[in-house]
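Engineer: What follows is a predicted protein model with its sequence.
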Number of protein chains: 2
Amino acid sequence: MSFRYEIRLSGEGGQGLVLAGKILAEAAAIYDNLNATQSQSYGPEARGGASRSEVILSDEDIDYPKAVHIDLLLALTQESCDRYAADLKSNGILLVDQDAVLTTPEGSFKVYRVPIIQMARDRVGRALVANIVALGLIAGIAKIVSEKALRQAIEARVPKGTEELNLKAFAVGLEHAKTLV
Amino acid sequence: MSFRYEIRLSGEGGQGLVLAGKILAEAAAIYDNLNATQSQSYGPEARGGASRSEVILSDEDIDYPKAVHIDLLLALTQESCDRYAADLKSNGILLVDQDAVLTTPEGSFKVYRVPIIQMARDRVGRALVANIVALGLIAGIAKIVSEKALRQAIEARVPKGTEELNLKAFAVGLEHAKTLV
C-alpha cells in the first residue's frame, strides 16, 4: 500500500513559506529517502499578496503533484485559513497562528492553535523565522519527516550565517509540539 | 482556446534553476497577469545531484501542474539533456549549454546551443548567473513572458545587492537571443 502525504503552507508573501516547503521536501527526499515535490501557484491570489506552498511526500513516484486532499494545513493568516481549510481531509491537521487566525471553521480535522509568530519573535528574537518554528511544530506533530533530516536541510538551505538562528527556531517549534501531542 | 506553456529548467544543484523558475513564474503571474505554477521534484535524481524546476504558464487555472508536453527545455548538463529531451513536444525548443552538452538527441524540436555558462563568466563576471543569462535567452527566444515583467521579478527576487549583476546577466542573454531568432 503506497503512502502519500500532502502539506500546504499558507499565509502571505514574505513569510518564507516557499523556503519552508523546499526545506521540507529536501529533508524528506535527500535525507529521508522519500520522493517529494514542492510547488507554488501564482495567480490572482499572489497578486493580492497571499502565498501558498505545497509539499507532497510519497514512497512512490508522484504523478499528480497538486495537493487535493490535504493532510496538514499551516495557516498564518485568517484569509489563508478561510480559503484552504475546506481542502483538509477527514482527520487532517490544521495548524494556525493563534494571533493571526481568530476563527477556524468547523470540520472533522484536528486544530492546533500556536502563537507561532510570537514565539519566533520572543523566543528566537526574529519574527522572520516563524516559518522555521512552524517546521519544528510540523515535525513534532505530524512526525512525517525525521528531525535529523529537517536539521540537515535547514542547515543546507537557509542563508549563510543564519543557520544557528534557524536551528534554534526549529528547536523551539519542536519542543512546543511535544507539549501538544 | 486556452493557452498552456510548459518549461523545464534542468541541470545540477547549485545552478539556481529553482530561483530561475520562480522568477519566471512570478514575472508571468504577478506582472504579466497569467496564471503560473512552479514546482520541483526531489527523489533519486536529486540525491544524485541533478536539479529540475518546472514552470507552467496558462491563461486559465492550472489543474495539472506537472509538465508532460514540454514546450521549452533548458539543459545545462549532458545528463539532463539526455534524460529530458524526449519529453519535448513536437516543434518544442531545446536550449542547451554548448560546452556542457556535447550531443543532443534527434527529434522534431528546434535546438539552440549557446555558451550560457561561459557568457555568464566572461561577459557578466560570474558563472553563477548563468541561470539569469538563460532567462534572458528564454525571454528572447520564446517571448512568452515580457522582458519588463522579467526584469521586475529579477529585481524583486535575487539576493539584495546583486540586482545590477543579475539584470546585466538578463540583458546579455536577451541580446544574444536576438541574434538567434
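Structural biologist: Structure's in. What do you need?
Engineer: Quick check, pLDDT for A:Met1.
Structural biologist: pLDDT, A:Met1: 61.
Engineer: Near chain B, which residues of chain A? Just list them.
Structural biologist: Contacts of chain A with chain B, taken as C-beta under 8 Å from any C-beta of the partner chain, map to A:18, A:22, A:25-26, A:28-30, A:33, A:35-43, A:46-47, A:61-66. All C-beta atoms are positioned from the backbone trio N, CA, C, and that covers glycine.
Engineer: Narrow those residues to those in strands?
Structural biologist: A:35-42 (DSSP state E).
Engineer: quick one: buried residues of the lowest-mean-pLDDT helix or strand in chain A?
Structural biologist: Using mean pLDDT, DSSP states H and E, the weakest-scoring helix or strand in chain A turns out to be helix A:44-47, at a mean of 74. For helix A:44-47, burial by neighbour count (16 or more other C-beta atoms under 10 Å in any protein chain shown) applies to A:45-46.
Engineer: hmm, who's touching that helix?
Structural biologist: Here helix A:44-47 makes contact (C-beta atoms under 8 Å, 6 or more residues apart in numbering or on different chains) with A:13, A:52, A:83, B:26, B:29-30, B:33.
Engineer: got a winner among the residues you listed for most neighbours?
Structural biologist: B:Ala29 (28 neighbours; other C-beta atoms under 10 Å in any protein chain shown).
Engineer: Correct me if wrong: that residue contacts B:Lys22.
Structural biologist: No - B:Ala29 is not in contact with B:Lys22 according to C-beta atoms under 8 Å; the separation is 10.6 Å.
Engineer: Extract the CA atoms of stretch A:61-75 and return them as PDB.
Structural biologist: Extracted C-alpha coordinates of stretch A:61-75, given in PDB (Å, rounded to 0.1, in the frame of the first residue of the first chain):
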ATOM      1  CA  ASP A  61       6.700   8.400  -7.900                       C
ATOM      2  CA  ILE A  62       4.500  11.400  -7.600                       C
ATOM      3  CA  ASP A  63       2.400  11.500 -10.700                       C
ATOM      4  CA  TYR A  64      -0.100  14.200  -9.600                       C
ATOM      5  CA  PRO A  65       1.900  16.900  -7.800                       C
ATOM      6  CA  LYS A  66      -1.100  19.100  -6.800                       C
ATOM      7  CA  ALA A  67      -2.500  18.800  -3.200                       C
ATOM      8  CA  VAL A  68      -6.100  17.800  -3.300                       C
ATOM      9  CA  HIS A  69      -6.800  16.000   0.000                       C
ATOM     10  CA  ILE A  70      -4.600  17.900   2.400                       C
ATOM     11  CA  ASP A  71      -3.200  16.000   5.400                       C
ATOM     12  CA  LEU A  72      -1.700  19.100   7.100                       C
ATOM     13  CA  LEU A  73      -2.500  22.800   6.500                       C
ATOM     14  CA  LEU A  74      -0.500  25.500   8.100                       C
ATOM     15  CA  ALA A  75      -2.300  28.900   8.000                       C
END
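Engineer: That one: how far from the chain's middle?
Structural biologist: 12 Å (C-alpha atoms, centre = their mean, to the nearest Å).
Engineer: swap in stretch A:115-125?
Structural biologist: The mean C-alpha position of stretch A:115-125 is separated from the chain mean by 16 Å, C-alpha atoms, centre = their mean.
Engineer: Then stretch A:147-159?
Structural biologist: 14 Å.
Engineer: Can you spell out which helices and strands pack onto the helix or strand encompassing A:Leu73?
Structural biologist: Taking DSSP states H and E as the criterion, A:Leu73 maps to strand A:70-75. Helices and strands touching strand A:70-75, as assessed by 3 or more C-beta pairs under 8 Å, 6 or more residues apart in numbering or on different chains; DSSP states H and E, comprise strand A:4-12, helix A:78-84, strand A:88-97, helix A:130-142.
Engineer: Could you single out the most deeply buried of those?
Structural biologist: Among the helices and strands packed on strand A:70-75, helix A:130-142 has the highest mean neighbour count (mean count of other C-beta atoms under 10 Å in any protein chain shown), at a mean of 26.
Engineer: I'd guessed A:Leu135 sits against A:Ala153; true?
Structural biologist: No - with contacts counted by C-beta under 8 Å, A:Leu135 stays clear of A:Ala153, the gap being 9.1 Å.
Engineer: Return every residue with contacts to both of those two.
Structural biologist: Common neighbours of A:Leu135 and A:Ala153, using C-beta under 8 Å, 6+ apart, are A:23-24.
Engineer: low-confidence ranges in chain A?
Structural biologist: A:1 (pLDDT under 70).
Engineer: So which bits of the top helix by length along chain A are buried?
Structural biologist: Longest helix of chain A, by residue count under DSSP state H: helix A:163-178. For helix A:163-178, burial by neighbour count (16+ other C-beta under 10 Å) applies to A:165-174, A:176-177.
Engineer: Now do it: everything it contacts.
Structural biologist: Residues outside helix A:163-178 that contact it (C-beta under 8 Å, 6+ apart): A:114, A:116, A:119-120, A:123-126, A:129-130, A:132-141, A:147, A:150-151, A:154-155, A:158.
Engineer: what angle sits between it and strand A:88-97?
Structural biologist: Counting by axes from the mean of the first three to the mean of the last three C-alpha atoms, to 10 degrees, helix A:163-178 lies at 120 degrees to strand A:88-97.
Engineer: Put the alpha carbons of helix A:163-178 into PDB.
Structural biologist: Taking C-alpha atoms only, helix A:163-178 is exported to PDB below (Å, rounded to 0.1, in the frame of the first residue of the first chain):
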ATOM      1  CA  GLU A 163      22.000  28.600  10.400                       C
ATOM      2  CA  GLU A 164      22.100  28.800  14.200                       C
ATOM      3  CA  LEU A 165      19.200  31.200  14.400                       C
ATOM      4  CA  ASN A 166      17.100  28.900  12.200                       C
ATOM      5  CA  LEU A 167      18.100  25.700  14.100                       C
ATOM      6  CA  LYS A 168      17.000  27.400  17.300                       C
ATOM      7  CA  ALA A 169      13.700  28.300  15.700                       C
ATOM      8  CA  PHE A 170      13.300  24.700  14.700                       C
ATOM      9  CA  ALA A 171      14.100  23.500  18.200                       C
ATOM     10  CA  VAL A 172      11.600  26.000  19.700                       C
ATOM     11  CA  GLY A 173       8.800  24.700  17.500                       C
ATOM     12  CA  LEU A 174       9.700  21.100  18.000                       C
ATOM     13  CA  GLU A 175       9.800  21.400  21.800                       C
ATOM     14  CA  HIS A 176       6.500  23.200  21.800                       C
ATOM     15  CA  ALA A 177       5.000  20.400  19.700                       C
ATOM     16  CA  LYS A 178       5.900  17.900  22.300                       C
END
